[in-house]
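Engineer: Quick one: sequence and predicted model below, then my questions.
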Protein chains: 2
Amino acid sequence: MPLTRAWLDSANQPDCDFPLNNLPLGVFTAKGARRCGVAIGDRIVDATGLEGAGLLRLADTPVLDQPAWNALMGLGPAAWASLRAQLTALLREGAPDQHRIAPFLHPMAGAELHMPFTVAEFTDFYASRHHATNVGTMFRGAENALPPNWLHIPIGYNGRASSVVVSGTSVRRPWGQVRTPDEPAPRFAPSARFDLELELGAIIGQPSNGPVSVAQADQMIFGYVLLNDWSARDIQAWEYQPLGPFQSKATATSISPWIIMRAALDPFRTPTPARDVPLLPHLAEPGPLLYDIDLQIDLTPQGGQPTQIARTNYREMYYSSAQQLAHHTTSGCPMRVGDLLGSGTISGPTKDSCGSLLELSWGGKTPLNIGPLTRSFLEDGDTITLRGAAIGDGYRIGFGTCEGTLLPALPDPYGS
Amino acid sequence: MPLTRAWLDSANQPDCDFPLNNLPLGVFTAKGARRCGVAIGDRIVDATGLEGAGLLRLADTPVLDQPAWNALMGLGPAAWASLRAQLTALLREGAPDQHRIAPFLHPMAGAELHMPFTVAEFTDFYASRHHATNVGTMFRGAENALPPNWLHIPIGYNGRASSVVVSGTSVRRPWGQVRTPDEPAPRFAPSARFDLELELGAIIGQPSNGPVSVAQADQMIFGYVLLNDWSARDIQAWEYQPLGPFQSKATATSISPWIIMRAALDPFRTPTPARDVPLLPHLAEPGPLLYDIDLQIDLTPQGGQPTQIARTNYREMYYSSAQQLAHHTTSGCPMRVGDLLGSGTISGPTKDSCGSLLELSWGGKTPLNIGPLTRSFLEDGDTITLRGAAIGDGYRIGFGTCEGTLLPALPDPYGS
């Protein structure tokens, strides 16, 4: 699929994240209020304004009068397609009525961006074979790296929706109970092994109330965001047996501010990798369900320059979001509009394609060089920036950035 | 504290669950719509109607015009106390204006009850020492029954809010991926080890955005319900390593329809049990935080008679809800109005005081007698009824019932 040219020149540049083929959905501040917006080139279209002016029509009553895209999601796939078709007609090269649209365009530079949707519930998975193998090798040895269930089901756990924040929100180093193997008793201390996890987040746009197939699950997915599942490794190591991660993952999870709709990514579909053991029928793939999305992580120390610490690709995953979602419904678990499913850390086969510092520094044994500095885990003031894009023929479907800065821990909140 | 006498005789009977000292909050159908209601004796007071008629005033604008108690919770402790004081003044023996209240009283018999609040997020804990010891002994042997962290932190995991249902909702036996130790490969099958878990649910009535102390946490708790955390043990055994329970707990969690406000339970406070090892300061108890609540489980086979299969007490817990909530915030995890915290299965020290069939039948090795039948796990058509009450001097603070019937599994949803 070639570039669809827009009448805004900035959207036609090959290095632009937001060409007309993309049309990602966000929430931004304009005229003193939060409004639904669509990124195009170096501008944001005020979609709430377009709907209010009758230039965009999605349903009999307004759906963009709230600063979140959940209502549009709830309308279903026909409305999703209609939104893209209407916006394309308004913004394509040669479109009539450009003078009527122009007043609804706002500069993206300096725009204040907010959570693009209300997160109903958040689930996080563990679905990159390279990541699971790396972590398993560190904790259980190479012989027992993958748990027996890993090749048969996408392992997941429920996260905490209240902790999901939009890119740009600072993250406070947490306190927690920790105990290293050589300590006689646990202590309450700031996390000393605070980490990032590079993931993709899938946003559920249609509800279910019973088991769904992988093909149905794929159609329920509205779009994707970049996701950083900040993780306190020392808290996790002490708490996770036997019921899994809890406070180690609850400080914050950052997402990028633009929802990339599934339709924009369709030209970039790729199959999951070959299987050592076949999947049971309820998890089998009806077609290619991953995407070729180039991903990178930059680390910027306080007052320093960014260093790219990893580069990987979403096509490296063993399980797709659609397979994860189908698994999520096997029990009859109801899914809701606005549920967020983290892909799990996306790691590739090489050392420099891992999605966490835990792997990149091999548990702190091989610290990374960051300019003149080294890093095993995050230091106060470090900024992590995730970037992602699917690369097309003369254009890119960019995700923008998912960024967060680590603030120092507060004084002991309990004065203990 | 003695019985506060009401002008409704049914509320003054010693075996009544809902005397004036209780005043539990629910949502019921009256005049064709869902309304907020308060149980008193054998009646439900239409609280939405009282507020609309100006007989109950909680804020400058209506808070009971939605069929959920979340808005009242959000107003905070002064409004909670005011609600109880106003209702007590209207309903106490000798109160004036009884004729003005009478039209707002509806028979409880046959009333349709709904979810009393909107669940923001659901967290479940593992905080009865007897339960953890029993389960640990079955799975890891008596020597390793309690994980090393268990005596230091209340172990918890995030559950699925979308799966919480009100008492009376039937529960469908789930399918899932299972593999027993003697099977060479997993299969997709209906759960053959479907179980109940007797718990208490604590409802969070005030938000937090950073660590809170145990004393602060106690004040954030609005009230309590009975909770049955239905559990598919065979699915759980296969899926739970390394990230904890997921689909095994996502079919349904049932709660009783009446929120028992914390103030009603205050006279029944008891301390947590003595500690083998002291807790770190952030989890230490500032005063008695458990409650003396008598609990029981009945199992009724399809077409049969109820058999009491266990009787226990909430005072048996090792960690209180306030300690669990304080732990939940250590990472900075934001808590929201309507969060629900399951206590974890409540088991006592004896065989017949265990809160799950897994323990009562010792993993199926010692099936229970249910009249002429036996049970290791639940059979299709079985109804589980939880009951609870704090027993006062001539009155009881009853929870009502938390009930659910197990429906047979559907045909293979994937036709595999």
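Structural biologist: Received the coordinates, thanks.

Engineer: Would you point out the helix or strand in chain A whose mean pLDDT is lowest?
Structural biologist: helix A:129-140 (a mean of 94; mean pLDDT, DSSP states H and E).

Engineer: What's the first helix or strand after it?
Structural biologist: Next helix or strand after helix A:129-140 toward the C-terminus (DSSP states H and E): strand A:156-158.

Engineer: Does anything pack onto the helix ranked longest in chain A? Which helices or strands?
Structural biologist: Ranked by residue count under DSSP state H, the longest helix found in chain A is helix A:77-91. Other elements packing on helix A:77-91 under the criterion 3 or more CB pairs under 8 Å, 6 or more residues apart in numbering or on different chains; DSSP states H and E are helix A:70-75, helix A:262-265. The way it works is simple: take the backbone N, C-alpha and C, and place the C-beta from them, glycine included.

Engineer: who touches the closest residue to residue A:150 other than its chain neighbours in this structure?
Structural biologist: Leaving aside its sequence neighbours, residue A:150 sits nearest to residue A:132 (CB to CB, 6 or more residues apart in numbering or on different chains; 5.9 Å). Neighbouring residues of residue A:132 by CB atoms under 8 Å, 6 or more residues apart in numbering or on different chains: A:126, A:145-146, A:150, A:155.

Engineer: try 7 Å
Structural biologist: Residue A:132 makes contacts with A:126, A:146, A:150, as judged by CB atoms under 7 Å, 6 or more residues apart in numbering or on different chains.

Engineer: shaky segments in the stretch 201-350 of chain A?
Structural biologist: By pLDDT under 70, the stretch 201-350 of chain A contains no weakly predicted segment.

Engineer: which one of the helices and strands packed on helix A:77-91 lies closest to chain B?
Structural biologist: Closest to chain B of the helices and strands packed on helix A:77-91, according to CB to the nearest CB: helix A:70-75, at 14.6 Å.

Engineer: just how off-centre is that closest one within its chain?
Structural biologist: 19 Å (CA atoms, centre = their mean, to the nearest Å).

Engineer: Likewise for stretch A:2-15?
Structural biologist: Centroid separation for stretch A:2-15 versus its chain: 25 Å, with CA atoms, centre = their mean.

Engineer: now swap in stretch A:260-277 and tell me
Structural biologist: Distance, centroid of stretch A:260-277 to centroid of chain: 15 Å (CA atoms, centre = their mean).

Engineer: How about stretch A:315-329?
Structural biologist: On CA atoms, centre = their mean, the centre of stretch A:315-329 falls 14 Å from the chain's centre.

Engineer: picking that back up, need the helices and strands packed on helix A:77-91 in TSV with mean neighbour count and distance to residue A:279, can you?
Structural biologist: Output for the helices and strands packed on helix A:77-91, formatted as TSV (neighbours: other CB atoms under 10 Å in any protein chain shown; distance: least, CB to CB, whole Å):
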stretch	mean neighbour count	distance to residue A:279
helix A:70-75	21	28
helix A:262-265	20	22
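
Engineer: just so I know, which of the ones you listed lies nearest residue A:357?
Structural biologist: helix A:262-265 (27.7 Å; CB to CB).

Engineer: Any idea how many residues pack against the closest residue to residue A:209 other than its chain neighbours?
Structural biologist: Spatial nearest neighbour of residue A:209, chain neighbours left out: residue A:334 (5.0 Å); criterion: CB to CB, 6+ apart. Using other CB atoms under 10 Å in any protein chain shown, residue A:334 has 21 neighbouring residues.

Engineer: List the contacts of residue A:334.
Structural biologist: Residue A:334 neighbours (CB under 7 Å, 6+ apart): A:207-209, B:162-163.

Engineer: related to what we said a few turns ago, show me which parts of the longest helix of chain A are buried, residue by residue.
Structural biologist: Using 16 or more other CB atoms under 10 Å in any protein chain shown as the test for burial, helix A:77-91 gives A:79-80, A:82-84, A:86-87, A:90-91.

Engineer: burial measure for the residue in the stretch 151-300 of chain A that chain B sits nearest to, as a count.
Structural biologist: Nearest to chain B in the stretch 151-300 of chain A, going by CB to the nearest CB, is residue A:244, at a distance of 2.4 Å. Applying other CB under 10 Å, we find 26 residues neighbouring residue A:244.

Engineer: For it, which non-adjacent residue is spatially closest?
Structural biologist: Nearest one to residue A:244, counting by CB to CB, 6+ apart, is residue B:244 at 2.4 Å.

Engineer: and that neighbour, what does it touch?
Structural biologist: Per CB under 7 Å, 6+ apart, neighbours of residue B:244: A:157, A:243-244, B:157.

Engineer: what do you get if the cut-off is 8 Å, keeping everything else the same?
Structural biologist: Contacts for residue B:244 (CB under 8 Å, 6+ apart) come out as A:157, A:240, A:242-245, B:157.

Engineer: now do residue A:230
Structural biologist: A:171, A:194-197, A:249, A:251-254, A:404 are the contacts of residue A:230 under CB under 8 Å, 6+ apart.

Engineer: Also residue A:8?
Structural biologist: Contacts of residue A:8 by CB under 8 Å, 6+ apart are A:40-43, A:91, A:105.

Engineer: out of those, which are inside strands?
Structural biologist: Under the assignment DSSP state E, those contribute A:40, A:43, A:105 to strands.

Engineer: Return the closest of these with respect to residue B:410.
Structural biologist: residue A:40 (46.0 Å).

Engineer: can you count the residues close to that closest one?
Structural biologist: 26.

Engineer: That one - nearest residue in space that isn't next to it in sequence?
Structural biologist: Nearest non-adjacent residue to residue A:40 (CB to CB, 6+ apart): residue A:11, at 5.2 Å.

Engineer: Correct me if wrong: the one you found contacts residue A:17.
Structural biologist: No - counting by CB atoms under 8 Å, residue A:17 is not a contact partner of residue A:11; they are 9.9 Å apart.

Engineer: Of these two, give the one with the bigger neighbour count.
Structural biologist: Taking neighbours as other CB under 10 Å, residue A:11 and residue A:17 compare with residue A:11 leading, 27 against 24.

Engineer: any idea where the strands of the stretch 151-300 of chain A begin and end?
Structural biologist: Secondary structure of the stretch 151-300 of chain A by DSSP state E, counting those that start in this stretch: the strands cover A:156-158, A:164-166, A:171-172, A:175-178, A:187-190, A:194-195, A:198-204, A:221-228, A:231-232, A:253-255, A:260-261, A:269-270, A:290-291, A:294-300.

Engineer: Export those strands to a markdown table and append columns for distance to residue A:284 and mean neighbour count.
Structural biologist: Output for the strands of the stretch 151-300 of chain A, formatted as a markdown table (distance: least, CB to CB, whole Å; neighbours: other CB atoms under 10 Å in any protein chain shown):
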| stretch | distance to residue A:284 | mean neighbour count |
| --- | --- | --- |
| strand A:156-158 | 18 | 26 |
| strand A:164-166 | 31 | 21 |
| strand A:171-172 | 38 | 19 |
| strand A:175-178 | 40 | 25 |
| strand A:187-190 | 45 | 16 |
| strand A:194-195 | 33 | 25 |
| strand A:198-204 | 19 | 28 |
| strand A:221-228 | 18 | 27 |
| strand A:231-232 | 31 | 26 |
| strand A:253-255 | 30 | 28 |
| strand A:260-261 | 26 | 28 |
| strand A:269-270 | 16 | 17 |
| strand A:290-291 | 15 | 25 |
| strand A:294-300 | 26 | 20 |
